[in-house]
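[1] structure, please.
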Amino acid sequence: MANQNNRDNNNNKMSVEEAGRKGGEATSKNHDQEFYEEIGRKGGEARAEQNDSNNSGNSNNNNGKMSREEAGRKGGEARARQRDNN
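    The predicted model follows:
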């Protein structure tokens with residue numbers, strides 16, 4: 001109902017939020033769990049490589065924090081699980 005109200009107020013144009021939601025739903029229907037895991041892994045690896053080049057002279061001590069690669073992998077897996085539950 002809220003989306004219909006938004007459309008009435010915007011001359012039947014879809015809101016940015018609604019367009020994003022619909023696009024996300026369509027994308028999730030076209031891809032499986034492996035797709036999201038791979039995206040997360042690749043993003044994490046790219047970010048880790050970028051970090052390595054920026055900190056080449058520094059020690060690699062994360063002070064107990066999760067690496068960006070690990071965060072990307074976990075994010076991809078969580079997104080895939082979320083998609084499977086819907």
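[2] hey, where'd the strands end up in the chain?
    Counting by DSSP state E, the chain forms no strands at all.
[3] any stretches of it with poor pLDDT?
    Scanning the chain for pLDDT under 70 picks out the ranges 1-10, 54-62.
[4] what does the top helix by length along it rub up against?
    Longest helix in the chain, counting residues (DSSP state H): helix 33-54. By Cβ atoms under 8 Å, 6 or more residues apart in numbering, the residues outside helix 33-54 that reach it are 60, 67-77, 79-81, 83-84. The way it works is simple: take the backbone N, C-alpha and C, and place the C-beta from them, glycine included.
[5] let's see that with 7 Å instead.
    Applying Cβ atoms under 7 Å, 6 or more residues apart in numbering, the contact partners of helix 33-54 are 67-73, 75-77, 79-80, 83-84.
[6] closest one to residue 12 out of those residues, please.
    Proximity of these to residue 12 (Cβ to Cβ) peaks at residue 83, which lies at 30.2 Å.
[7] ok, the closest one - how many residues close by?
    For residue 83, the number of neighbouring residues by other Cβ atoms under 10 Å comes to 18.
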